[in-house]
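K.L.:
Build me a model:
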Amino acid sequence: MSNLLTLEEAGRYASEITGKTILPSNINYLVQYGRIDKFVENNVTYINKSQLDKYYNSNKSKLEEAWKDKLGNNVNWDLSFNTYSEAQTTKHVHRLHPYKGKFIPQLVEYFLDDHTDTFKKEVYFKKGDIVLDPFCGSGTTLVQANELGMHSIGVDISIFNAMISNCKIDKYDVTKLKEKIQIITSLLENYEKALNVNPFEEELLQALYEFNSKYFPSPEYKKAVYTKAINEKEYSLEKEKLFLPVFYEIASKYNVDLNVSEESFIQKWYFDTVRKEIYFVNSIISLIDDFSLKRILQVILSRTIRSCRATTHSDLATLKEPIYTTYYCSKHKKICKPLFSILKWWKTYSKDTVNRILEFGKIRTDTTQFCLTGDSASIDLEKEISLIGGQIEDVYKNERISGIFCSPPYIGLIDYHEQHAYAYELFGFERKDSLEIGSLTKGKNNTAIKAYVNEISSVLKHCKQYLKSDYNVFIVANDKYNVFPDIADKAGMEIVEKFERPVLNRTEKDRSAFSEIIFRMKDKKDE
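P.N.:
Below is the predicted model of the structure:
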């Protein structure tokens, strides 16, 4: 058995091969999805060491070599942060709520902290400085500034984005938060019983278990798909249709309302029982007087209902069409079902949120961070800082803002309000879609690109007045259209340094070669 490893041993061995943390759960994932085989003896699972070598060594070298050919030799591969596990790149409060288009905290930390290396040859910020992020998004810069003992101000046109950011850096009475969660959970459990959801789901889950065990046995079926021993598309469609009558029969038995409408986002993307539970929990949260607790509970509810939309597991990040029946899941390789209750995810995310807040509480510093809702091209930052007061006002009066670290929206890529449409509708927040810069709706034509250049440069030019004279501005961008030299010029700045990094840890389905440039800008020198 010298060539066999336990799951724990396989995790340690794979970690040595890859240079990143590989857990036993990661190894088990490979088994479940048919990438490697398992061997069981005396109730202990063993993995073939040779298969691990083949899987990890081939995948490790292929990606990097292929990407180097496409991205060139100027890419700093250390800035891929590929050795970090997902748990590290989504540490503590960074994963309080999903958000498309955010950068990983390690990238922010690299440029804000006081280390130097072959690429970063000088220190740009120090403890006690103020860092500005005029495109704050979900608040990654704010959180990392706090970790490093810096003050930070963010600005975002989206009310919901600002809410997520502020919830991440807020301080909470965790005991009271737990009490509120427990009250809401107890009330929701009773409400779910009244809706008679449990018996329906239990019978449906049992039917799915029996059907999937017969037609999609794991890991045998997944391995057959992986090795192309079975035509996944034809086989899955056949079995999907075969199970539908079972689904309808069980739904009819429990009088489950499968009707939906397209009157609003929530009407379109949630079943009747889910909608009722959403409105029920929201009505309880709306009665809470403590603003801080109310806001974090809204974030938990928003994160919950995002996971409960009537869509496939693989389309959760980018919605296509609602799914109102059981369906073949390309992610899990079996027949799955949409959700008819929010209770499970409410419990999961409530517990996770508390744990993340506690984790961040152990390392947070006594500094000030705040995300303002407004237009970064016109907001009066000096006035806002004076309203916040305290340490950050004193630092501003003495030293002003030391610089900017941000990642502006990419041209024609994301509609930032629309990705959280459910939250805007539920909480009644005002949407300002038309003020988004570079949104998907505005497209990627020449007119859109020109508008983007003018709008980003206007933001930088406006923010300059609040910066110290020897400022540093860092902008993370995939400059596909080569617009940032023009943006810098229009803002009265010049690009003094560029750092290019490969983006390897992508969460979306597109795994093609992709890089970002971190532009360092300073005030334009007089000719």
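K.L.:
residues contacting S138?
P.N.:
Shown in contact with S138 (C-beta atoms under 8 Å, 6 or more residues apart in numbering): H97, Y99, K102, N161, I164, S165, K168. C-beta coordinates here come from the backbone N, C-alpha and C atoms, glycine included.
K.L.:
Counting neighbours, which of those residues comes out on top?
P.N.:
Highest neighbour count within these, by other C-beta atoms under 10 Å: S165, with 32 neighbours.
K.L.:
Isn't it up against C371?
P.N.:
Yes. Contact criterion C-beta atoms under 8 Å: S165 and C371 qualify, at 3.7 Å.
K.L.:
so what's in contact with those two at the same time?
P.N.:
C136, G139, L142, G154, D156.
K.L.:
Spatially, what comes nearest to the first one if we skip its sequence neighbours?
P.N.:
Spatial nearest neighbour of C136, excluding adjacent residues (C-beta to C-beta, 6 or more residues apart in numbering): G154 at 3.0 Å.
K.L.:
which SS state does the one you found fall under?
P.N.:
strand (DSSP: H, G, I helix; E, B strand; the rest coil).
K.L.:
just to revisit the earlier point, for the contacts of S138, could you give me a markdown table that also reports pLDDT, secondary structure and distance to F499?
P.N.:
Formatted as a markdown table, these follow (pLDDT from 0 to 100; DSSP: H, G, I helix; E, B strand; the rest coil; distance: C-beta to C-beta, whole Å):
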| residue | pLDDT | secondary structure | distance to F499 |
| --- | --- | --- | --- |
| H97 | 95 | coil | 28 |
| Y99 | 92 | coil | 23 |
| K102 | 84 | coil | 18 |
| N161 | 97 | helix | 26 |
| I164 | 97 | helix | 27 |
| S165 | 97 | helix | 25 |
| K168 | 98 | helix | 26 |
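K.L.:
Now do the strands in the stretch 401-527 of the chain.
P.N.:
Per DSSP state E, counting those that start in this stretch, the stretch 401-527 of the chain carries strands over the ranges 401-406, 467-477, 493-502, 515-523.
K.L.:
Next: the chain.
P.N.:
Listed in chain order, the strands found in the chain under DSSP state E are 4-6, 38-41, 44-48, 130-133, 151-156, 327-329, 334-336, 369-373, 401-406, 467-477, 493-502, 515-523.
K.L.:
Let me know the distance separating M521 from W77.
P.N.:
Separation of M521 from W77 (C-beta to C-beta, to the nearest Å): 24 Å.
K.L.:
higher neighbour count, the two?
P.N.:
Each of M521 and W77 has its neighbours counted (other C-beta under 10 Å); M521 has more, 23 against 15.
K.L.:
does that one really touch E494, like I thought?
P.N.:
Yes. Counting by C-beta under 8 Å, M521 does reach E494; the two are 6.5 Å apart.
K.L.:
Mind listing the shared neighbours of those two?
P.N.:
Taking C-beta under 8 Å, 6+ apart as the criterion, M521 and E494 both touch A488.
K.L.:
now, which of the shared contacts of S165 and C371 sits nearest N3?
P.N.:
Closest approach to N3 among the shared contacts of S165 and C371 (C-beta to C-beta): G139, at 47.9 Å.
K.L.:
Now the closest one: closest residue in space, sequence neighbours ignored.
P.N.:
Nearest to G139 is S165, by C-beta to C-beta, 6+ apart, at 2.9 Å.
K.L.:
Tell me who's in contact with that neighbour.
P.N.:
C136, G137, S138, G139, L142, G154, D156, C371.
K.L.:
For these, pick the one with the most neighbours.
P.N.:
Going by other C-beta under 10 Å, G139 tops the contacts of S165 with 32 neighbours.
K.L.:
wait, that one sits on L372?
P.N.:
No. Under the criterion of C-beta under 8 Å, G139 makes no contact with L372, lying 11.7 Å away.
K.L.:
what touches both of those two?
P.N.:
Common neighbours of G139 and L372 (C-beta under 8 Å, 6+ apart) are G154.
K.L.:
and of the contacts of S165, the nearest to F247?
P.N.:
S138 (36.6 Å).
K.L.:
Would you check that P502 makes contact with F81?
P.N.:
No. Assessed by C-beta under 8 Å, P502 is found out of contact with F81, at 9.9 Å.
K.L.:
T185: neighbour count?
P.N.:
16.
K.L.:
F243 too?
P.N.:
Count around F243 with other C-beta under 10 Å applied: 20.
K.L.:
Quick check: E109 touching A145?
P.N.:
No. Using C-beta under 8 Å, E109 and A145 do not qualify as a contacting pair, with a distance of 9.5 Å.
K.L.:
These two - which one has more neighbours?
P.N.:
Ranked by neighbour count (other C-beta under 10 Å), E109 and A145 place A145 first, with 30 against 17.
K.L.:
residue contacts, that one?
P.N.:
The contact partners of A145, taken as C-beta under 8 Å, 6+ apart, are V108, L112, V131, H151, S152, T367, Q369.
K.L.:
D257: which of those is nearest?
P.N.:
The closest of these to D257 turns out to be Q369 (C-beta to C-beta; 44.8 Å).
K.L.:
what pLDDT does the closest one get?
P.N.:
Model confidence at Q369, given as pLDDT, is 97.
K.L.:
Could you do G101 as well?
P.N.:
G101 is assigned a pLDDT of 81 by the prediction.
K.L.:
Number the chain from 631, please
P.N.:
Sure, I'll start numbering at 631, so the last one becomes G731.
K.L.:
Dihedrals phi and psi, it?
P.N.:
When read as degrees, to the nearest 10, the backbone of G731 gives phi 90, psi 20.
K.L.:
For the closest residue to it other than its chain neighbours, which residues are in contact?
P.N.:
Sequence neighbours aside, I1044 is the residue nearest to G731 in space, at 5.2 Å (criterion: C-beta to C-beta, 6+ apart). Neighbour list for I1044: K730, G731, S1069, L1070 [criterion: C-beta under 8 Å, 6+ apart].
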